[in-house]
Every structure is written in structure tokens, then in C-alpha cells.
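Novice: Turn this into a model:
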Amino acid sequence: MKPEKLAVRAINQYRRRDILAYLGLRYYLDNDCAKNDIWARDISTHLVQTRELPVYFRSYHFKKMADNNIDVVYRNIYLPGANEMFAESALLYECSLDTAFQALPCVYSYPFPDPSTKEGIFKNYFPKFQERNHSIIHFCKSSNHARVRYTDIKKFYPSISYEFALKTWRAACNRSKLSTKFRDLGEKLLTQYAEIAKAHNEGLGLLTGPMFSHLIANLVLFEVDRLMSKYMKGKYWRYVDDFVLAGDVEQIKVGRKQLSKILTDMGFSLHDEGKDFEVESTVWLKETNNIDPSKSKTWISLIANIKRFLIAKPEERVNLERAFSQSEIKISLLDYSKVVSESSYLKQVYDRLAKYSLTVDKLLNDALQAKNIYHEEINILLDKNHNLEGYARKQLISKLRFYAKRLSYLATSDTLAILSPALSNYPELLLESRVMRTLYSQDISSLIKLGANAVQAAAQILRIQGNPVTCSLDSFGEVELQGLAILRLNGIEIKFSDNRDNHTKLDPLNQFALDINSAELMRSNDLFIKEIACIRGVDKRLKHTDILDSAFDRDEPLSFDIIDQLQASSYF
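Specialist: Below is the predicted model of the structure:
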């Protein structure tokens, strides 16, 4: 059976979030019945509504280095079980159909997609992020003597209490035509978020990780957006917990004060240094032109054409892989052959028309051209003073991050060996630098200490390279064990310096990755492990890598974990 809309939306959203969540969903959706939208709306929602205990996996994501520059500070990301992810997809789809749950135009984070698309539960972040920047630029061009103020909320999601979230949800539901079933499902999720938050001392009640949390966060700030947009006469922009105000000196001063008062009354507080700064509009214009649009379109066009090629000529995938490999292009090429064979007649006609415009040679040349352009651009940026401060530094980091992520897929190992230490001059680019080091050294020892997002970012490319990786750590905590499991889920062989390998195989997540003690895991006290083990079953053939290599649906895009996992946005 072909998967219907809600299944593909859930797959597309959580593939950008976490590999373990994605694999859980794929195993869940191996059941043809579950691919149906009715299953998501009725069966999955019922199972979540009637369960007694919450099912979440706590994943450790790198946040920053501690002040001693040795210890790592993590952000805990809570991943729902597969059944909840599917129910959540249905819930948020229903919310997207009602204006009561829509954010105001001044908000650029977590917009709902068009109801007819399979894009994801929410739209991809980057186009809206760019749209916000273009809107601010437009204002700056029309007001040469104005100023721009940037600020954000301290610990936004953890500061949202269960009571506040529940009150906000109920108020939005009362303004809407949402059915009682989905109102109750939202309340159930918020209640179980609060249980997890309390059990793990994780803020006041709203978890970071589930997609439903993002809707609640937008609803919580709805009145802030309404008041500030009116007060600033439209010169107000918000992206998650980041605010931008524009106007003359007095307007911004009073506007910042007004914003602070509104948020304080709600129990939030703004940063007052570092992340809070003000610049002249001319400076904003000079520095904000982050990436030449043509440079950005080079990547977008390349990836779009690769997907078109894989769909139009699935039998040529192996030849494209070989050509890319010979030039050290490390882009993961999904196998679309099965989903193409299940396509409608009209789509098959479209595929045949696309056959003749794309070839292996053209795609290889396009990839090499993109590599050369990005390498030249990053070298120009690296020649700049790395002691820049303020807004100029913020924009330099943004540009470096853009090129570094894409060069991780395009550049040779020799080039990465040069770029990695150069990027290490910028503490903000520690993740990008460390991933590059891992890719050329094939040593994961320093990377797995940084958390699941860092390891997942590198694992996708390490899997393409196909070589064993080495690990020389003496001990493994929960963070490191998660990293090892992610590598193993990707089918990457790990060589240890001693007998530590046997110790890591006692960990339930690593057992799931290696298919050890499948029956025992189905009785695990860890409800997430228990659920995902039961969904997978006791099939003795490991299918993790088969799943990662194959497309779930023709509307599933190519994935780029370095781009998705190493974002600057705190709550993506």
C-alpha cells in the first residue's frame, strides 16, 4: 500500500530531527495498515490517549562547551515513540486547518505547510528564516538612519510551565472548531510532557523535541506578537525565541522595554548581554547579506537535480554513486526504485520526460563546480580577522557555517584536514570543525563526547565512506553510548583499542542497533526501547541500513544530517 499524507509528513519531519526516531517510524510503517491516514487519526491517537505511561527517549545534543572549555553542556531532546509521532502528525494536521492555531505574519518559525502537501509536519525552516531576513533588509533600505535591535528569551521552552501551556492550548481550542478527540489528545501530551519534565528536572513542563511543543510555544507568544507588532507598527519580527525590533533610537529603547515587561509578566526574561545587541541599519545591511543568492541556489539546484535523476533513472543510482565516490563527493543517494514503480501513471510520464535532461556526468560536474565555488568563498572568509565581535562576527560565523556544512559533503579529505583546524579558531564552529576532523581521520573518539546530533551529522558521511572507524576512549557514559549506537545503526564498524567493545554491547540501545537480545529488549523497563524493539520484532536480518538507503515515498527528500543537526537554531 502506498503511504498516505500523514505518514509521509511524519517521516519527513522526524528524519530531519533524529535517526532513531526515523527508524522507529519506518519500522512502524512497515505495517501497510499503519500507512493509512485513518490509522493516524483513529488508532494511533487512541493508543496515545489510553496509555498510562509516557514513552520518550532522552537524546543528548551539544549546546556549548562549559566555562572550563573541557566539559560539555548538553540540551536534552525528548523523542516521542513511533506511535505518538504518528498521532502527533494527525493532531498538528488538524490544527493547521484552523486559523486559531496560525501564527501572525510577523512570526517566521514553525509555519504549517499547505494542507495538500507531504512536505512535513511543519515547513522547512530555511525559507522562512530567509524571508525574515529579507523583510528586515527591506526596512533597512528604506530607513538609512534607523537602528535594529536583536534579543532573545532565556531558556524559553524550559520556562513554559505545564499550567501555562495547558491554559494556552485550551484557549486556542475554544477559539477553534477542533474536535474533542484532538483537544483531549493535546491535553494528554502536555500532561505527559510535564511528567517527564518533573521526573528529569527538565524545566517547568514543556519538552524540547516533540513537534507539538513548537505549536504550543507559538501559541504562548501569540499575544506578545500581537501587542509588539502593533506597538512597533510592523517593525517587529520573531523566529522561535529570537526577536528583532527596528526603528529610531527612542522607538527601539521603548520597544525593548515594552517587550521585556510583557515577557516578564508572563514569567520569561530576555538576555541582557551577548545575545542582546543593537546596530545601525546601514551596518545590518552591510553584514546581513549572509550568502550570495546564486551561491545558495547552486546547492539547491544540485540537490533538486540529483533527486530528479534518482527518480527518473533509478537504475543509474549505482553509477552515480561510483562517480561521486571517485571524486570524494559524499552525498547520500536514496534508492527510489520501489516508490517509483508504485507511482501513478501521470507521475511516471513526468519521470520519463525528465530522463533526457540529466546525466551522471552533468551531476558530477555540477557537484565539483559547487565544491570549487564554496571552497573559494570559505577561504576568503577564513582570511578575515577571527577576533571580530558583535554583529559582524555573528554574520561571519553564519557564512562560514553555511559553506563548511556543504563542503563536508563535497570536499576531499585533504581539504577537510586543512579546513578543520582553521574553523577551530571560532568556538561557535566547534561542531563543524570536529565533524570535519572525524571525516578525514576516521577517529570518533573526540566526536562522540559532543552528543547525538554531532555523531549523527558525521555518521551519514562515514557510512558512505564505508571504512571502519576507530575509538580509543577508556570509558563510556550515556552520551558516548548513544553516539556508538547511532554509528552502529548506520552500519558503521567500530574498532576499539581494547575489549571495551564487549562493555558497550551491554547497553540496550546498542543491542537494538546490533540486533542483540531482541526478545529481551521487547520486555525492557525502558518504554522507548521496549516499543521500538516490539515494532521491529525478532526478524534476524538487520534492516537499519536498508531503511536508511531506501526512500519511504517519492516525496521524501534527500537528507543532509550535517545541515539539519548542526543548525544554530536552539529549538529546531
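
Novice: shaky segments in the stretch 401-550 of the chain?
Specialist: Across the stretch 401-550 of the chain, the stretches falling below the confidence threshold (pLDDT under 70) are 540.

Novice: where exactly do the strands run in it?
Specialist: Remark: strands of the stretch 401-550 of the chain, listed N- to C-terminal, are 469-471, 494-496; assignment by DSSP state E, counting those that start in this stretch.

Novice: Redo those as a markdown table? Include mean neighbour count and distance to Arg536.
Specialist: No exception for glycine: its C-beta is placed from N, CA and C like everyone else's. Written out in a markdown table, the entries for these read as follows (neighbours: other C-beta atoms under 10 Å; distance: least, C-beta to C-beta, whole Å):
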| stretch | mean neighbour count | distance to Arg536 |
| --- | --- | --- |
| strand 469-471 | 19 | 25 |
| strand 494-496 | 16 | 21 |
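
Novice: mind checking which of those strands is nearest Pro113?
Specialist: Within those, the stretch nearest Pro113 is strand 469-471; the backing value is 37.0 Å (C-beta to C-beta).

Novice: list the helices and strands that closest one packs on?
Specialist: Using 3 or more C-beta pairs under 8 Å, 6 or more residues apart in numbering; DSSP states H and E as the contact criterion, the secondary-structure elements in contact with strand 469-471 are strand 494-496.

Novice: tell me what the strand it packs on is packed against?
Specialist: Applying 3+ C-beta pairs under 8 Å, 6+ apart, one finds that strand 494-496 contacts strand 469-471, helix 478-489.

Novice: Of all those, which one is nearest Asn502?
Specialist: Evaluated over the helices and strands packed on strand 494-496, closeness to Asn502 peaks at helix 478-489, with 12.6 Å, by C-beta to C-beta.

Novice: What are the buried residues along the closest one?
Specialist: By neighbour count with 16 or more other C-beta atoms under 10 Å, helix 478-489 contains the buried residues 479-489.

Novice: Just the residues contacting that helix, thanks.
Specialist: Surrounding helix 478-489, the residues in contact under the criterion C-beta atoms under 8 Å, 6 or more residues apart in numbering are 19-20, 23, 59-60, 72, 74, 444, 447-449, 451-452, 454-456, 459, 462, 469, 471, 473, 476, 494, 504, 507, 509-510, 512-514, 544, 548.

Novice: Repeat the analysis, applying 7 Å as the threshold.
Specialist: 19-20, 23, 59-60, 74, 444, 448-449, 451-452, 455-456, 459, 469, 473, 494, 504, 507, 509-510, 513-514, 544 (C-beta atoms under 7 Å, 6 or more residues apart in numbering).

Novice: CA atoms only for that helix, dumped as CSV, please.
Specialist: Only the C-alpha atoms of helix 478-489 are listed here, as CSV (Å, rounded to 0.1, in the frame of the first residue of the first chain):
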residue,chain,number,x,y,z
GLU,A,478,25.3,7.6,28.4
VAL,A,479,26.3,10.2,25.9
GLU,A,480,29.0,8.2,24.4
LEU,A,481,26.9,5.0,24.3
GLN,A,482,24.2,6.9,22.4
GLY,A,483,26.9,8.0,19.9
LEU,A,484,28.1,4.5,19.4
ALA,A,485,24.6,3.2,18.8
ILE,A,486,24.0,5.9,16.2
LEU,A,487,27.1,4.8,14.3
ARG,A,488,26.0,1.1,14.5
LEU,A,489,22.5,1.9,13.3
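
Novice: Save the helices and strands packed on strand 494-496 as JSON lines, and put in distance to Asp42 too.
Specialist: Supplementary listing: those in JSON lines, determined by distance: least, C-beta to C-beta, whole Å:
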{"stretch": "strand 469-471", "distance to Asp42": "44"}
{"stretch": "helix 478-489", "distance to Asp42": "31"}
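
Novice: do you know which of these lies nearest His134?
Specialist: His134 sits nearest to helix 478-489 of all those, at 36.0 Å, using C-beta to C-beta.

Novice: So for Ser344, what's the pLDDT?
Specialist: Looking at Ser344, its pLDDT stands at 61.

Novice: now do the one 10 residues further on
Specialist: The predicted local confidence for Ala354 comes out at a pLDDT of 59.

Novice: re the thing from before, could you export the strands of the stretch 401-550 of the chain as a markdown table, including distance to Gly390?
Specialist: Rendered in a markdown table, the data for the strands of the stretch 401-550 of the chain read as follows (distance: least, C-beta to C-beta, whole Å):
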| stretch | distance to Gly390 |
| --- | --- |
| strand 469-471 | 39 |
| strand 494-496 | 42 |
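
Novice: Pretty sure His386 sits against Pro427.
Specialist: No - His386 lies out of contact with Pro427 (C-beta atoms under 7 Å); the separation is 10.2 Å.

Novice: Which one's more surrounded, the two?
Specialist: Neighbour tally, His386 and Pro427, criterion other C-beta atoms under 10 Å: the higher count belongs to His386, 15 against 11.

Novice: What residues does the more buried one make contact with?
Specialist: Under the criterion of C-beta under 7 Å, 6+ apart, the neighbours of His386 are 425-426.

Novice: try 6 Å this time
Specialist: Counting by C-beta atoms under 6 Å, 6 or more residues apart in numbering, His386 makes contact with Asn425.

Novice: quick one: secondary structure of Asp265?
Specialist: Under the three-state scheme (DSSP: H, G, I helix; E, B strand; the rest coil), Asp265 adopts helix.

Novice: any idea how far Leu259 is from it?
Specialist: Shown here: Asp265 relative to Leu259, a distance of 11 Å by C-beta to C-beta, to the nearest Å.

Novice: Likewise for Ser161?
Specialist: Taking C-beta to C-beta, one finds Ser161 at 20 Å from Leu259.

Novice: if I look at Leu410, how far off is Ile303?
Specialist: Relative to Ile303, Leu410 is positioned 11 Å away (C-beta to C-beta).

Novice: Pass me the low-pLDDT residue ranges in the stretch 201-350 of the chain, would you?
Specialist: The stretch 201-350 of the chain contains residues with pLDDT under 70 at 274, 287-293, 343-350.

Novice: all helices of it, in order?
Specialist: Remark: helices assigned in the stretch 201-350 of the chain by DSSP state H, counting those that start in this stretch are 211-220, 222-231, 249-266, 281-288, 293-312, 317-326, 337-341, 345-354.

Novice: just the ones you listed: most buried one?
Specialist: Most buried of the helices of the stretch 201-350 of the chain, by mean neighbour count (mean count of other C-beta atoms under 10 Å): helix 211-220, with a mean of 23.

Novice: list the helices and strands that one packs on?
Specialist: helix 162-174 (3 or more C-beta pairs under 6 Å, 6 or more residues apart in numbering; DSSP states H and E).

Novice: Excluding chain neighbours, what is closest to Leu92?
Specialist: Nearest non-adjacent residue to Leu92, counting by C-beta to C-beta, 6 or more residues apart in numbering: Ile121, 5.1 Å away.

Novice: For Lys36, give me its contacts.
Specialist: Quick fix: residue 36 reads Asn, not Lys. When contacts are counted by C-beta under 6 Å, 6+ apart, Asn36 is found next to Glu4.
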